[in-house]
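missing the sequence, but the structure's below:
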Ligand SMILES: Nc1ncnc2c1ncn2[C@@H]1O[C@H](COP(=O)(O)OP(=O)(O)O)[C@@H](O)[C@H]1O
Ligand SMILES: [Mg+2]
């Protein structure tokens, strides 16, 4: 039974949102006993008002609650970039709600009565997912900062290079000599902490930057 | 018990008839004989008594037959009411299952938590004791639902006892709570804290209220989610009766339809049977009360029934 939680879960919280006192208490208790950090909320509003809605962790959410329903909370959360993954808990009878839950972006769902090993397994997976998402968002933030530290010249060189332009072509395009391009290119690589063209292409993809169309066109022409 | 009575009364009538026939010819001149002699007077009195007894027995037999016929309709009524209760329970099964599932799921989590905590050194005994308390409470909670469900499912004739209508309302609420939540309906109660008990059959009164609630919830399916409201209220109507109301913010009832709602088989629902309200009315009338509907235009309907207070 005991699935000892590793340090991997440290710093992550499990938010249990359910209006039923018995159910909520039971669930938070078994999560806490298993070495996780679980907190209970009586309703969707109580959870949304806390700062928990954007801190690391995951949410275990009952779909049928009075007031704003689980699905509505889900919708409100999906508007936030840093919202934690949601695991829905449903009564075994509402298939329709389960389908709706998955469509609205829940990562998983559990049926009552909730088995502890299943619960711990799903919660661990949700926390892993949250960690991955957070890491990915962190990477994007860092790369964007680095990209924004480039001068506009360096940015143009970056766009040209990922479009496959040669230094010579870039010199013509940017109306300067090849040596200057080389200097810009070296500085740009250092600032972006990139070692190769492959690194640059990956950075462009992560940042959602498209290669400079004009240079490709020139090359083809 | 019932059957012995049923046979014994006619048999007694037969015996009396046999005894009366020989004296019947003397009946015509009864007055003459009464006046003529002492012996005749005695015969006359005995004859009169016999005739009287025979009449009483005949009346008793008639009365018994009438009662039996009444019993038959009562039995039929309670059978129809029972069948309708089965349908009603069917309509709120999901809600009841949820209400049982909830404590059962909590018991499972709590038992697992206790087991994990027991292997700690030292085990947190206070917390484990608290967990056991909760398990006990949740078990009783599940039991309570099942007990109420069983009562609704068993067949019974109207049996009067002292009933707290607030209790009836709270139980009804418990049974439909999850259903209301699933349908996005906000349920409120206004229960008069100082409500005297009434004489009534708790299961049948429960049926009346559940019927009104399920109808009210059905009436809100087309209403925007934010406007789905249901109120259950109890209060003293006057010095003689208590009233229970179910008020909804649903589609309402057209004035022209108000009088037909309580007719058997009147329904506007594709899956409806149209029996709920007619049975509700029969039950309320058996209790000596009244039931009626009021429409609040397109902003909902209110259904109210009264039950006389215990004398
Ligand atoms: N709260 C209500 N609001 C609007 N209409 C109602 C309400 N309650 C009952 N009715 C109407 O009365 C009809 C009869 O109700 P009922 O006898 O319970 O049968 P059923 O629910 O099977 O239709 C319903 O079909 C509906 O048209
Ligand atoms: Mg009905």
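Now that the structure is in, tell me what you want to look at. Remember, predicted model here, so these are calculated numbers, not experimental data. Ligands and ions are numbered 1, 2, ... in the order given.

quick one, what contacts residue B:302?
B:245, B:246, B:247, B:248, B:293, B:294, B:295, B:296 (Cβ atoms under 8 Å, 6 or more residues apart in numbering or on different chains). Heads up, the C-betas are built off the backbone N, CA and C, glycines and all.

And the helices in the chain, which stretches?
Using chain A. For chain A, the helices defined by DSSP state H cover A:21-33, A:44-49, A:70-78, A:95-103, A:116-148, A:152-162, A:167-173, A:178-191, A:197-207, A:213-220.

think we crossed wires, I meant chain B
Along chain B, the segments classed as helices by DSSP H run B:2-24, B:30-36, B:38-91, B:93-118, B:125-153, B:165-182, B:202-218, B:276-286.

Mind telling me which of these the model trusts least?
Among the helices of chain B, helix B:2-24 has the lowest mean pLDDT, at a mean of 40.

Quick check: residues of chain B near ligand 2?
Chain B has residues B:215, B:276 near ligand 2, with proximity defined as Cβ under 5 Å from the ion.

what residue ranges in chain A score low on pLDDT?
Applying pLDDT under 70 to chain A flags the ranges A:1-9, A:64-70, A:92-98, A:101, A:212-221.

And the residue nearest the centre of it?
residue A:133 (2.8 Å; Cα atoms, centre = their mean).

Would you mind measuring from the closest residue in space to that one that isn't next to it in sequence to ligand 2?
Closest residue in space to residue A:133, ignoring its immediate chain neighbours: residue A:85 at 7.7 Å, by Cβ to Cβ, 6 or more residues apart in numbering or on different chains. As judged by Cβ to the ion, to the nearest Å, residue A:85 and ligand 2 stand 42 Å apart.

distance of residue A:85 from chain B?
The gap separating residue A:85 from chain B is 21 Å, by Cβ to the nearest Cβ, to the nearest Å.

And for that residue, the neighbour number?
22 (other Cβ atoms under 10 Å in any protein chain shown).

if I pick it, what's in contact with it?
Contacts of residue A:85 (Cβ under 8 Å, 6+ apart): A:58, A:59, A:107, A:126, A:129, A:130, A:133.

Quick check: the farthest pair among those residues?
The most widely separated members of these, counting by Cβ to Cβ, are A:59 and A:133 (13.5 Å).

isn't residue A:24 right up against residue A:43?
No: counting by Cβ atoms under 8 Å, residue A:24 stays clear of residue A:43, with 10.5 Å between them.

who's more crowded, the two?
Legend: neighbour count by other Cβ under 10 Å for residue A:24 and residue A:43, higher for residue A:24 (22 against 17).

do you know how far the more buried one is from chain B?
Using Cβ to the nearest Cβ, we find residue A:24 at a distance of 8 Å from chain B.

For that residue, list the residues it contacts.
By Cβ under 8 Å, 6+ apart, residue A:24 lies in contact with A:16, A:17, A:18, A:40, A:41, A:42.

try 10 Å this time
The contact partners of residue A:24, by Cβ atoms under 10 Å, 6 or more residues apart in numbering or on different chains, come to A:16, A:17, A:18, A:38, A:39, A:40, A:41, A:42, A:60, A:62, B:106, B:109.

Just the buried subset of those, please.
Neighbour-count burial (16 or more other Cβ atoms under 10 Å in any protein chain shown) is assigned, among the contacts of residue A:24, to A:16, A:17, A:18, A:38, A:39, A:40, A:41, A:60, A:62, B:106, B:109.

quick revisit: so which of the helices of chain B comes closest to residue A:115?
Of all the helices of chain B, helix B:93-118 comes closest under Cβ to Cβ, at 7.1 Å.

Can you pull the residues that touch both of residue A:24 and residue A:43?
A:17, A:18, A:62.

Going by distance to ligand 2, which of these wins?
Within the shared contacts of residue A:24 and residue A:43, proximity to ligand 2 (Cβ to the ion) peaks at residue A:62, which comes in at 28.3 Å.

Kindly state the beta-bridge partners for that closest one.
residue A:89 (DSSP bridges).

Closest to ligand 1 out of the contacts of residue A:85?
In terms of Cβ to the nearest ligand atom, no member of these lies closer to ligand 1 than residue A:59, at 36.4 Å.

From chain B, how far off is the closest one?
In this structure, residue A:59 and chain B are 17 Å apart, going by Cβ to the nearest Cβ.

can you pull the contacts of the residue of the stretch 101-250 of chain B found nearest ligand 2?
Relative to ligand 2, the nearest point of the stretch 101-250 of chain B is residue B:215 (4.4 Å; Cβ to the ion). Taking Cβ under 10 Å, 6+ apart, we find residue B:215 in contact with B:246, B:248, B:250, B:261, B:269, B:272, B:276, B:277, B:280, B:293, B:301, B:303.

Can I have the buried ones of those residues as a PyMOL selection?
Filtering those down to the buried ones (16+ other Cβ under 10 Å) takes a single PyMOL command:
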select buried, chain B and resi 246+248+250+261+276+277+280+293+301+303
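
Just the contacts of residue B:215: which are in strands?
Using DSSP state E to define strands, the subset of those located there is B:246, B:248, B:293, B:301, B:303.

biggest separation within these, which pair?
Using Cβ to Cβ, the two most remote members of these are B:248 and B:293, lying 10.9 Å apart.

Mutual contacts of those two, please.
B:212, B:215, B:301, B:302, B:303.

Let's have these in CSV, adding distance to residue A:186.
CSV is the format used below for the shared contacts of residue B:248 and residue B:293 (distance: Cβ to Cβ, whole Å):
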residue, distance to residue A:186
B:212, 81
B:215, 79
B:301, 79
B:302, 81
B:303, 83
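
of all the residues you listed, which comes closest to residue B:131?
Ranked by distance to residue B:131 (Cβ to Cβ), the shared contacts of residue B:248 and residue B:293 are led by residue B:212 at 39.7 Å.

how does chain B divide into domains?
According to the TED database, chain B comprises the domains B:84-155, B:162-310.

among those, which is nearest ligand 1?
Of all the domains of chain B, domain B:162-310 comes closest under Cβ to the nearest ligand atom, at 2.6 Å.

And for the residue sitting nearest the centre point of chain B, nearest residue in space, chain neighbours not counted?
In chain B, the centroid-proximal residue (Cα atoms, centre = their mean) is residue B:204; its distance is 1.3 Å. Closest residue to residue B:204 apart from its sequence neighbours, by Cβ to Cβ, 6+ apart: residue B:283 at 4.7 Å.

For that neighbour, list the residues it contacts.
With Cβ under 10 Å, 6+ apart as the criterion, the residues that contact residue B:283 are B:77-78, B:81, B:84, B:158, B:200-201, B:203-208, B:211, B:289, B:291, B:305.
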